[in-house]
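Student: sequence-free structure coming up:
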């Protein structure tokens, strides 16, 4: 399969603690990256912040990814907007006013005006509790309140956009 500039690579739950918590709260996709060209992606991760990586390295760190193609005409503009965030830290709090950037926040900003991904009320539950034990401990360690009911984005919701088409797996 040929990937193209501005394709989105959605990563399903890799069964790490944070992935499990994200999946329990929002759905199976826990990470998303933007294809820059046939050999590079840009994404925001807790490990690197906003980073450009080779596709090979990105895929080595993910078991597999689902490739979604956006219905856009100016894919170079999407990548140019994403590049403005390179080297920014990761947004560990998921609050909008945090100076960092989380993965779906990067995608939403890069596509702004081309595809407007809907924000929704962020969830931190696990099906039994409004705030799971994982997220309670996570935010206690950060020293901030859980941003429950704040607006934000998540990879799983993005993947349902009518402006994206699943084209395959890598």
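Tutor: Good, I have the coordinates. Small disclaimer: the values here were computed from a predicted structure and weren't measured.

Student: the chain: strands as residue ranges?
Tutor: 8-12, 29-37, 40-45, 49-54, 66-70, 120-121, 151-152, 164-169 (DSSP state E).

Student: closest to residue 85 out of those strands?
Tutor: Distance to residue 85, taken as C-beta to C-beta, is lowest for strand 49-54 among these, at 4.5 Å. C-beta: built from backbone N, CA, C; applies to glycine.

Student: and the closest one, what's buried?
Tutor: When neighbours are counted by 16 or more other C-beta atoms under 10 Å, the buried residues of strand 49-54 are found to be 49, 50, 51, 52, 53.

Student: and residue 53, bridged to which residues?
Tutor: Under DSSP bridges, the beta-bridge partners of residue 53 are residue 41.

Student: that one contacts residue 44, correct?
Tutor: No: with contact defined as C-beta atoms under 8 Å, residue 53 does not reach residue 44; the gap is 11.4 Å.

Student: most remote residue from the protein's center?
Tutor: Here the chain reaches farthest from its C-alpha mean at residue 128, the gap being 24.5 Å by C-alpha atoms, centre = their mean.

Student: how much space is there between that one and residue 121?
Tutor: 19 Å (C-beta to C-beta, to the nearest Å).

Student: residue 13 too?
Tutor: 21 Å.

Student: and which of the buried residues of strand 49-54 is nearest residue 108?
Tutor: Nearest to residue 108 among the buried residues of strand 49-54, counting by C-beta to C-beta, is residue 50 at 13.3 Å.

Student: I figured the closest one hits residue 41, correct?
Tutor: No: between residue 50 and residue 41 there is no contact under C-beta under 8 Å: 11.3 Å.

Student: could you find the closest non-adjacent residue to residue 66?
Tutor: Nearest residue to residue 66, sequence neighbours excluded (C-beta to C-beta, 6 or more residues apart in numbering): residue 10, at 4.7 Å.
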